[in-house]
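**Student:** Following is a predicted model, sequence given first.
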Amino acid sequence: MAIDQIELVRRLLGTATQLFLDDADPLSVHCLASSAIEHAEHIAETYSDRSFKSHVMGTFPDMTKIDFKRLRNRHWKVIKHSHDLSGKPFEVTKELDDFDDAANDAVLFAGWYDFMKCGQPIPIAAQVFQLWFFRMYPKSLNQSKEFEYQYFSQLDSLERHEQKRRLRAAIKKESFSDELLNHPMTDSRPLILPLF
């Protein structure tokens with residue numbers, strides 16, 4: 001089976017999301033999702049001219065492209081590379097001192113956002129994750145309208161383990177929704193895809 005750029009992004013994001021939901025290795029989640037963003041952003045701009053980056057730049061006009069890239073790649077560059085651009089080795093312990101599982105929230109959201117902008121269907125887990133992200137960070141995307149989803153009420157005031165438990169519970173519940181399963185924008189395949 002040939003792998004094109006869209007299939008590559010789907011595989012990277014699916015695996016990253018499953019690891020995230022399983023509370024397994026947040027560094028690997030970050031690396032996989034950040035790699036997916038590189039491809040997804042390019043595809044989104046090609047297909048729709050509207051990537052997550054362009055949305056953020058439009059929402060926060062004071063942010064430059066350099067600021068955005070520095071913020072987005074802050075932890076990934078240390079995970080991806082052993083040395084900085086000048087050839088100096090990264091001080092990994094220092095550079096990742098503030099890294100935690102929450103650093104993956106925006107990275108996963110941005111990846112799935114751009115993937116959808118390519119016109120691609122996404123798994124139910126990714127759809128529910130997007131709702132979870134909006135409720136976790138209600139002001140992050142300059143939303144003008146609040147929404148409520150039963151599993152996510154007062155989500156941002158809960159401990160991290162409870163926030164993610166509610167995410168997993170909502171995904172489990174919605175996985176049986178005929179409306180979602182039959183929707184053309186739903187990818188019904190598992191998050192982690194089999195060998196090709």
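**Tutor:** That came through, no problem.

**Student:** Pop the domain breakdown of the chain in here.
**Tutor:** Structural domains annotated on the chain: 1-120, 122-186, as defined by automatic domain parsing.

**Student:** And the ones you listed: which comes nearest residue 196?
**Tutor:** Smallest distance to residue 196 across the domains of the chain (C-beta to C-beta): 3.6 Å, for domain 1-120. C-beta here means a position set from N, CA and C on the backbone, and glycine is covered the same way.

**Student:** Just the mean pLDDT for that closest one, thanks.
**Tutor:** Regarding domain 1-120, the rounded mean pLDDT is 90.

**Student:** And for stretch 129-149?
**Tutor:** On average, stretch 129-149 scores 75.

**Student:** which residues touch residue 76?
**Tutor:** 30, 31, 34, 107 (C-beta atoms under 8 Å, 6 or more residues apart in numbering).

**Student:** distance of it from residue 31?
**Tutor:** 7 Å (C-beta to C-beta, to the nearest Å).

**Student:** which residues touch residue 185?
**Tutor:** Here residue 185 is in contact with 116, 121, 122 (C-beta under 8 Å, 6+ apart).

**Student:** Could you tell me which of these belong to helices?
**Tutor:** residue 116 (DSSP state H).

**Student:** What does residue 186 show for phi and psi?
**Tutor:** phi -110, psi 130 (degrees, to the nearest 10).

**Student:** In contact with it, which residues?
**Tutor:** Residue 186 touches 121, 122, 123, 124, 127, 180, counting by C-beta under 8 Å, 6+ apart.

**Student:** Could you identify the buried members of those?
**Tutor:** Buried members of those, counted by 16 or more other C-beta atoms under 10 Å: 121, 122, 123, 124, 127, 180.

**Student:** As a markdown table, the residues you listed with distance to residue 93 would be great.
**Tutor:** Listed next are the buried ones among the contacts of residue 186 as a markdown table, based on distance: C-beta to C-beta, whole Å:
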| residue | distance to residue 93 |
| --- | --- |
| 121 | 41 |
| 122 | 35 |
| 123 | 35 |
| 124 | 38 |
| 127 | 37 |
| 180 | 43 |
